[in-house]
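J.: Okay, predicted coordinates and the sequence, questions at the end:
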Amino acid sequence: MFAYNNTEVICLVHDRGKIKWASLMLPEHVEMLQDFFADEPLKEKPILDEDYVNEMELTLQQAIHAQQKITLNYYQNSSFKSAIGHIIKMDPIARKLTIQEGALQRKVPIENIVAIELLHE
């Protein structure tokens, strides 16, 4: 099936992600994979030291004022993720940072940040 709108094509491709491989897998394999991922322990958000939080705040302020590129590590959905880019917005009311990664903008809750590092270009 072809769609004329690029958005529809993207949605169709993403909808087939797991379905297209289902016919190639035996039910026993599917069950083993489900058991494997169910047994994986959930990662907990670390409790950060107050001094470390203050250090991260200083790094954050420096990155905003100097418009420097950063590496940001954060906790989301029981896993750790990272983003590399420039901070384009800090929303103190919603307590979120908006990071520009190429064409992608990512909003990260400030309380989920576990590490910030300045990148020297």
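T.: Alright, I've got the coordinates. Values in this document were obtained by computation on a predicted structure and should not be read as measured data.
J.: Show me where this structure has its strands.
T.: 69-76, 79-91, 96-101, 104-109, 113-119 (DSSP state E).
J.: Those strands: which one's closest to residue 32?
T.: Of all the strands of the chain, it is strand 79-91 that lies closest to residue 32, at 21.8 Å by Cβ to Cβ. Heads up, the C-betas are built off the backbone N, CA and C, glycines and all.
J.: Just give me the neighbour total for residue 50.
T.: The number of residues packed near residue 50 is 7, by other Cβ atoms under 10 Å.
J.: does the closest residue to residue 80 other than its chain neighbours have beta-bridge partners, and which?
T.: Leaving aside its chain neighbours, residue 80 sits nearest to residue 73 (6.2 Å; criterion: Cβ to Cβ, 6 or more residues apart in numbering). For residue 73, the beta-bridge partners under DSSP bridges are residue 82, residue 115.
J.: dump the residue contacts of residue 73.
T.: Listed by Cβ atoms under 8 Å, 6 or more residues apart in numbering, the contact partners of residue 73 are 80, 81, 82, 113, 114, 115, 116.
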